[in-house]
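In: Okay, sequence plus prediction incoming.
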Amino acid sequence: MRPRTGSWAVLAALWGALASAPALAQQRPEFRQSADRREVGTEDTFRLTVTITNPPDGSSLKLPQTDDFETLSKQQSTEMSFQSLGTGSSSIRRVQKWTLVMRANKAGNLVVPPSELTTSSGTIKTEPVPLTVKKGHVEDKNADRSAAAGPMRLFDPFQNFPFPQDQDDLDEQSPQNIPIPRSDSDLFLRATLDRDSVYVGEQATLSLYIFSRVDLSSVDTLSMPKLEGFWSEDVDSPSQLSAEQRVVGGVPYHAYLLKRRALFPVKPGVVKIGPAEADVTTGFLFAGRRVHRKGNELALRVRALPPAGRPPSFPAGNVGVWRLNVEPTTAQVELGQPVTVKVVVEGRGNMRSVSIPPLQVPQGLRAFDPTITDKALSSKGRMGGRRTLEYLVMPQQTGTFTLPAVEMPYFDPENERYDTARTEPVTVTVVGAAPKMAAAPGVAPEGLGKNVLAENQTLRPLRYRAAFAGAAVPLWERAFFAPLMLAPVALWLGVLGAGFARAAAKREDPVARQRKRARASRARLAAATQLQTRGESSEFFGEVEKALIGFLEARMGFSVGGLTRDELDVKMEQRGVTANRRAQVLGLLDECDLGRFAPGAGGSGAREEALRNAMELMEDWPA
């Protein structure tokens, strides 16, 4: 059987390659190393690339080792190519490459030592690489050229597919800007903020990650920093560890999200955020090892709301993007029947701090205190929600009434300007109640025209037969008639007198009633003292606020619940309360709100101060 022509060609090519292999083995290898930067900082990383072309069999490589630099990661790759020379011979080219991510341990003019390749014929060395190292961070001049290629990543076969990007990841601090600690480079804890400057009341998102290059088993304990000066709410608290690939300073890591919180600053200035701490178990099963890690500190610059264009009496909590809507249940209602009017505010921002003006109704309508319902929402890490105020409006007379528009000013931090959310006026028509139809004589209640005579009743005879008898004594002339008629009146008068006597016995003068309510308010402070020792901040500040409100109502004689701070200030001024005492009351109420809704602001010191202020305020209040 004769071989095919193609088979002879393949055999010839292989024979040529084998024939040239000894010559290839005798070639001197190309051996070099280079760095991607010539000037770096002590907080920067750089890449050292060591390349060997056609390494001899049995050769060994020694990478540079020095105390001036530390190696954070190392990767190796091999490339082979086959080339026909066209003269019956061929060439095989094999390239081995090592990529080291390194960092300098000190500043100065340092030198990366040469790499060494030991072969059967001797030792080959590369040229040393000189570097200028400065303290801190040095901008990479080649960043623009390397940005197109992107950071060094492991090979991803799906990297060219257009997967959507997560907005949360884009908003966070870039992993390339996260510093790697020198002592814990394999496992470290890092907190990031999605922005470094916000306005008072604007959201900043705090994210806490664990970056690891070792197997991670569990996170046993996590201590978040005290968030003093913020309203804070959880956005994401994963119940299980889920890793995603991140590259930090050219080093691949597994990143685990531990906590993501929304922060709303309450005062301007530079606010410091302390480090978080965690106990982490690495490894698997009985081979695990527990380590403690401490995170980094952060600083957030908080800007005050601009005075230009600020509306008068602007509520400081109305920061975000909001819209208003008014929804009456009906546009026409009968007199005596209520109508429900819903005022809905929704948007993005801190829903708990939003202040909505009350619904104003014209003369002829009466509006009762609203029922408030909150629904918190979040989208891509940004907090928001919807608040619904349901007013029960009772008509007092017939006619057409117009509910005026509701206007709520707010500050838009994205566009850095003040705006107003407003509704359209609503018209409600009140009509009289429909009269009820009475049954006509001789007509059944159902309205049917039936005769009043029964169906089987016959006609009576025309002649009437009667029997005569003597006149009887009238009822009103009998002896028992007068006492019988006066008995109900006497009984009613007796019951009425007993009621007056009981009411007089229970009646208290206004001074005694006020003292009683004041004692009840002080009893609430005793309950708050027990909550203080147990460390329950939210319940503690709630009891202090209730005690203060009850005390004010007892002393001043009007309802305090439901009043805004400005309305309460005006009413206290009308009652003759001094400006200093009014400021103490309003300040204590603000402390209670901050302690209830901002967990980081309810420390033991804040609780003791609030309790002491409440006691002093009640004791020093003039009788």
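Out: Alright, I've got the coordinates.

In: can you list the weak-confidence ranges in the stretch 1-150 of the chain?
Out: Applying pLDDT under 70 to the stretch 1-150 of the chain flags residues 1-28, 82-91, 141-150.

In: what about 80?
Out: 1-28, 43, 72-75, 79-93, 136, 139-150 (pLDDT under 80).

In: can you map out the helices along it?
Out: 5-26, 143-149 (DSSP state H, counting those that start in this stretch).

In: And the chain, by the same measure?
Out: Along the chain, the stretches classed as helices by DSSP state H are 5-26, 143-149, 167-171, 481-506, 510-534, 537-556, 565-574, 579-597, 604-620.

In: Would you mind checking which of those scores lowest on average pLDDT?
Out: Lowest mean pLDDT of the helices of the chain: helix 167-171, a mean of 40.

In: Show me the domain layout of the chain.
Out: Per automatic domain parsing, the domain ranges recorded for the chain read 5-149, 167-303, 320-431, 510-620.

In: So which of those is nearest Leu475?
Out: domain 320-431 (43.5 Å; Cβ to Cβ). For glycine as for every other residue, the C-beta is placed from the backbone atoms N, C-alpha and C.

In: what's the span of that closest one, first residue to last?
Out: Length of domain 320-431, first residue to last, Cα to Cα, to the nearest Å: 41 Å.

In: For Lys294, the count of nearby residues, please.
Out: For Lys294, the neighbour count with other Cβ atoms under 10 Å is 15.

In: wouldn't it be in contact with Arg190 here?
Out: No. If you go by Cβ atoms under 8 Å, Lys294 and Arg190 don't touch, sitting 10.7 Å apart.

In: all strands of the stretch 101-250 of the chain, in order?
Out: For the stretch 101-250 of the chain, the strands defined by DSSP state E, counting those that start in this stretch occupy 108-112, 116-119, 122-125, 129-134, 187-193, 197-199, 204-212, 216-223, 230-236, 243-248.

In: Kindly reformat those as JSON lines containing mean neighbour count.
Out: JSON lines is the format used below for those (neighbours: other Cβ atoms under 10 Å):
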{"stretch": "strand 108-112", "mean neighbour count": "15"}
{"stretch": "strand 116-119", "mean neighbour count": "16"}
{"stretch": "strand 122-125", "mean neighbour count": "13"}
{"stretch": "strand 129-134", "mean neighbour count": "17"}
{"stretch": "strand 187-193", "mean neighbour count": "21"}
{"stretch": "strand 197-199", "mean neighbour count": "17"}
{"stretch": "strand 204-212", "mean neighbour count": "22"}
{"stretch": "strand 216-223", "mean neighbour count": "14"}
{"stretch": "strand 230-236", "mean neighbour count": "19"}
{"stretch": "strand 243-248", "mean neighbour count": "16"}
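
In: Reformat those as CSV; add distance to Arg303.
Out: Shown next, in CSV, are those (distance: least, Cβ to Cβ, whole Å):
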stretch, distance to Arg303
strand 108-112, 41
strand 116-119, 57
strand 122-125, 58
strand 129-134, 33
strand 187-193, 15
strand 197-199, 5
strand 204-212, 12
strand 216-223, 30
strand 230-236, 15
strand 243-248, 30
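
In: got a list of what the closest residue to Val198 other than its chain neighbours touches?
Out: Using Cβ to Cβ, 6 or more residues apart in numbering and skipping residues adjacent in sequence, the residue nearest Val198 is Ala204, 4.9 Å away. Residues in contact with Ala204, defined by Cβ atoms under 8 Å, 6 or more residues apart in numbering, are Leu193, Asp194, Arg195, Val198, Ala262, Leu263, Phe264, Pro265, Leu300.

In: let's see 10 Å
Out: Residues in contact with Ala204 (Cβ atoms under 10 Å, 6 or more residues apart in numbering) are 193-198, 230, 261-265, 271, 273, 298, 300, 302.

In: what's the average pLDDT for stretch 247-259?
Out: 86.

In: oh, and call the first residue 28 from now on, that's how I've got it
Out: Renumbered: residue one is now 28, and that last one reads stretch 274-286.

In: Can you give the distance from that stretch to the centre of its chain?
Out: The gap between where stretch 274-286 is centred and where its chain is centred comes out at 24 Å by Cα atoms, centre = their mean, to the nearest Å.

In: Relative to Leu511, which of the domains of the chain is closest?
Out: domain 347-458 (40.7 Å).

In: picking that back up, with distance to Val516 added, can I get the domains of the chain in JSON lines?
Out: Formatted as JSON lines, the domains of the chain follow (distance: least, Cβ to Cβ, whole Å):
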{"stretch": "domain 32-176", "distance to Val516": "100"}
{"stretch": "domain 194-330", "distance to Val516": "67"}
{"stretch": "domain 347-458", "distance to Val516": "34"}
{"stretch": "domain 537-647", "distance to Val516": "35"}
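
In: Point out where the stretch 378-527 of the chain drops to low pLDDT.
Out: 405-408, 460-500, 502-504.

In: ok, the closest residue in space to Glu271 that isn't next to it in sequence to Thr72 distance?
Out: With Cβ to Cβ, 6+ apart as the criterion, Glu271 has its nearest non-adjacent residue at 5.4 Å, and that residue is Ala282. Distance of Ala282 to Thr72, given as Cβ to Cβ, to the nearest Å: 17 Å.

In: Just give the closest residue to Ser108, not the sequence neighbours.
Out: Ser108 sits nearest to Arg120 (Cβ to Cβ, 6+ apart), 4.6 Å away.

In: Surely that neighbour is in contact with Thr80?
Out: Yes. Arg120 lies in contact with Thr80 (Cβ atoms under 10 Å); the separation is 7.0 Å.

In: of the two, who's got more company?
Out: Thr80 (16 against 12).

In: Quick check: closest non-adjacent residue to the more buried one.
Out: Nearest non-adjacent residue to Thr80 (Cβ to Cβ, 6+ apart): Glu57, at 3.8 Å.

In: residues touching the one you found, list them.
Out: Applying Cβ under 10 Å, 6+ apart, the residues near Glu57 are Thr78, Ile79, Thr80, Asn81, Pro82, Val122, Ile151.

In: can you pull up the bridge partners for the third one?
Out: To tie it back to what came earlier, the one meant is Thr80. Glu57, Val122 (DSSP bridges).

In: Correct me if wrong: it contacts Val122.
Out: Yes. Between Thr80 and Val122 there is a contact under Cβ under 10 Å: 5.2 Å.

In: Distance of Asp596 relative to Lys573?
Out: Taking Cβ to Cβ, one finds Asp596 at 20 Å from Lys573.

In: Ala303 too?
Out: On the measure of Cβ to Cβ, Ala303 and Lys573 end up 34 Å apart.

In: and what of Leu127?
Out: From Leu127 to Lys573 the distance is 65 Å (Cβ to Cβ).

In: what about those two, which has more around it?
Out: Leu127 (22 against 17).
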